[in-house]
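[1] coords please:
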Amino acid sequence: MDSPYYVNSESFAKEFIKTDYKAISLFMFDHITNDWRDVIRSKINVPTAIFTGDYSANVQGQRWMQSVIPNSKLYVYGKNEQGDHFLHFKNPFKFTNDLREFLEK
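    As a prediction, this is how the structure comes out:
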């Protein structure tokens, strides 16, 4: 939470985006109770950018995704780069540059 970019984006979101916690809880329950490996392994067939960070508990799974998705590229942000699940909010310039580089290829 110490990134000034995150503080700014979080304040903006709280002001303008009203959260429906009931809808979010239903969505998250559905998301975490499904096994997505068959979808990831066999249905993603376009170049794919995968972003994660050292603070994420999911780095191992994202490394697996990169190994099974053809033409995918994994970006792992270090702790010094605010590398967690919200890196696009916490390090927006690096994220934007990396995404732009991926899309231009």
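[2] going forward, measure contacts and count neighbours with C-alpha atoms only.
    Noted.
[3] and Ala49, which of the three is it?
    Ala49 falls in the strand class when you classify it by DSSP: H, G, I helix; E, B strand; the rest coil.
[4] pLDDT at the residue lying closest to it once chain neighbours are set aside, what is it?
    The spatially closest residue to Ala49, leaving aside those adjacent along the chain, is Lys73, at 5.1 Å (Cα to Cα, 6 or more residues apart in numbering). Note on Lys73: pLDDT of 97.
[5] Which residues does the helix or strand harbouring Lys73 contact?
    For Lys73, the host element (DSSP states H and E) is strand 72-77. Strand 72-77 has contacts (Cα atoms under 8 Å, 6 or more residues apart in numbering) with 47-54, 59, 62-63, 66, 83-84, 87.
[6] Would you mark the buried spots in that strand?
    72-77 (16 or more other Cα atoms under 10 Å).
[7] Show me what it pairs with in its sheet, parallel or antiparallel.
    Using DSSP bridges, the strands paired with strand 72-77 in its sheet are strand 48-53 (parallel).
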